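Q: I'll drop the sequence and a predicted model, then ask my questions.
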Amino acid sequence: MTLPYPCCHQRTATPCLPKRQGGWRYLLPTLGLGLAVAGLPQLALAAPYTAGTTTDRYGAVTGHMESNGTTTDRYGAVTGHVESDGTLTDRYGAVKGHIGQDGAITDTYGATMGHMTSDGELDDRYGEPVGNLRSDGTVVNKTGAVVGHVPPGDKVGAIMILRDGLSSR
C-alpha cells in the first residue's frame, strides 16, 4: 500500500499530514477554507488591519502592512506584527497592546488607551475625539486636517498615525 504522504510512525501505517512551516497558523486558514468549501460557516474573526501601504499627508510612504499582519517601515524592515485577535507585538514578539473586536485599545499592561468606533472615530481614554478613519482610508486628526492614508479599514494603521493624540494626556 502506498500512502500519498510520508508516514509519521515508520513501524505502523499511520499516515500524517505533510510537515509545514507555521503549525496552527498554517492550518487554521486551511480549515476555514475547507469549511467554506463544504458549505459550513467559517470560524474566522475579522482582522483589525488591511494589507497595503501607509502614507503621510503628502503621500510619502511611511510603512507597509503585509497580509499576514507583519508591519514594516518604509525601507522594508520589520517593525512589528498584528495577530488576527488584535494583539500588537514589536519586532521581537513582545506584546505592545491590543485592539479588541469592540474597538477598545489597550497598552502593554492592559490599561485603556482609547477606543475606535465602528464608524472610524478614534477617541482617547477619556472619550475625547483624537481623529477619524474615513471609509476611503484617509486619516484625519481632531481638527479635520488630513494626517495620513492607510488601506481602507486598516484600524491599526490609523491608530499608529494618531498614536500621539492617544498618548498626549
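A: Good, I have the coordinates.
Q: neighbours around residue 96, how many?
A: 12 (other C-beta atoms under 10 Å). Placement of C-beta: from N, CA and C, glycine included.
Q: which secondary structure element contains the residue lying closest to it once chain neighbours are set aside?
A: Leaving aside its sequence neighbours, residue 96 sits nearest to residue 88 (C-beta to C-beta, 6 or more residues apart in numbering; 4.8 Å). Here residue 88 sits within strand 87-90, counting by DSSP states H and E.
Q: buried set for the helix or strand just after that strand?
A: Sequence-wise, the next helix or strand downstream of strand 87-90 (DSSP H and E) is strand 95-99. By 16 or more other C-beta atoms under 10 Å, the buried positions in strand 95-99 come out as 97, 98, 99.
Q: so which of the residues you listed comes closest to residue 164?
A: residue 97 (14.9 Å; C-beta to C-beta).
Q: right, and the helix or strand after the helix or strand of the chain with the lowest mean pLDDT?
A: The helix or strand of the chain with the poorest confidence is helix 24-37; it has a mean of 34 (mean pLDDT, DSSP states H and E). Next helix or strand after helix 24-37 toward the C-terminus (DSSP H and E): strand 52-56.
Q: any residues touching that following strand, and which ones?
A: Contacts with strand 52-56, where a contact means C-beta atoms under 8 Å, 6 or more residues apart in numbering, come from 61-65, 137, 147-151, 154, 157, 160-161.
Q: Which segments of the chain make up each domain?
A: Following automatic domain parsing, one gets these domains for the chain: 7-44, 52-167.
Q: Which of these has the lowest mean pLDDT?
A: Sorting the domains of the chain by mean pLDDT places domain 7-44 lowest, at a mean of 39.
Q: mind listing the strands for this structure?
A: 52-56, 61-65, 70-73, 78-82, 87-90, 95-99, 104-107, 112-116, 121-124, 129-133, 138-141, 146-149 (DSSP state E).
Q: Export the first one to CSV, keeping only CA atoms.
A: The C-alpha atoms that make up strand 52-56 are tabulated as CSV, following Å, rounded to 0.1, in the frame of the first residue of the first chain:
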residue,chain,number,x,y,z
GLY,A,52,-1.3,47.7,2.0
THR,A,53,0.9,50.8,2.2
THR,A,54,0.6,53.6,4.7
THR,A,55,1.5,57.2,3.7
ASP,A,56,1.8,60.6,5.4
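Q: Paired strands for it, with orientation please.
A: strand 61-65 (antiparallel), strand 146-149 (antiparallel) (DSSP bridges).
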